[in-house]
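[1] Make a model of this:
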Amino acid sequence: MFARVLILLLLGSLVVAIAARQSSGAGHPQTVIVRPGDTLWSIAVAHYAGDPREGVWKIQHRNHLAGDTIEPGERLVLPAD
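    Predicted coordinates for the structure are as follows:
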């Protein structure tokens, strides 16, 4: 009886360990190269759901932008949602 309980506990621990392993779901940060006519607002609308102001704020802070001016050719890192 004790052996069966011990085996069940070990199998349960194994299942939990496999299911709880670290995930690589975050992936690599997405980058965008600014094209002529792009704005932080248009990039936020294209890449984030909901209120674009939050997306603009995330992009500004992730890229250490002092304002909302961006230049064509500039590479911006888009933070995860």
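[2] what's the weakest-modelled helix or strand in the chain?
    Least confident helix or strand of the chain, by mean pLDDT, DSSP states H and E, is helix 2-19 with a mean of 74.
[3] C-terminal to that helix, what's the next element?
    Using DSSP states H and E, the helix or strand that follows helix 2-19 in sequence is strand 30-33.
[4] Go through the next helix or strand after that next one and flag the buried ones.
    The helix or strand immediately downstream of strand 30-33 is helix 40-47, counting by DSSP H and E. Residues 40, 43-44, 47 are the ones in helix 40-47 that count as buried (16 or more other C-beta atoms under 10 Å). Every C-beta, even on glycine, is put in place using the N, C-alpha and C of the backbone.
[5] Could you do stretch 65-73 as well?
    Applying 16+ other C-beta under 10 Å to stretch 65-73 flags Ile70 as buried.
[6] just stretch 71-81 next, same as before
    Using 16+ other C-beta under 10 Å as the test for burial, stretch 71-81 gives 76, 78.
[7] Equivalent analysis for stretch 58-66, please.
    Buried-residue list, stretch 58-66, by 16+ other C-beta under 10 Å: 58-60, 63.
[8] And for stretch 45-55?
    47-48, 52, 55.
[9] Take those residues and write them to CSV, including distance to Leu8 and pLDDT.
    Shown next, in CSV, are the buried residues of stretch 45-55 (distance: C-beta to C-beta, whole Å; pLDDT from 0 to 100):
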residue, distance to Leu8, pLDDT
His47, 47, 94
Tyr48, 46, 93
Pro52, 52, 95
Gly55, 49, 95
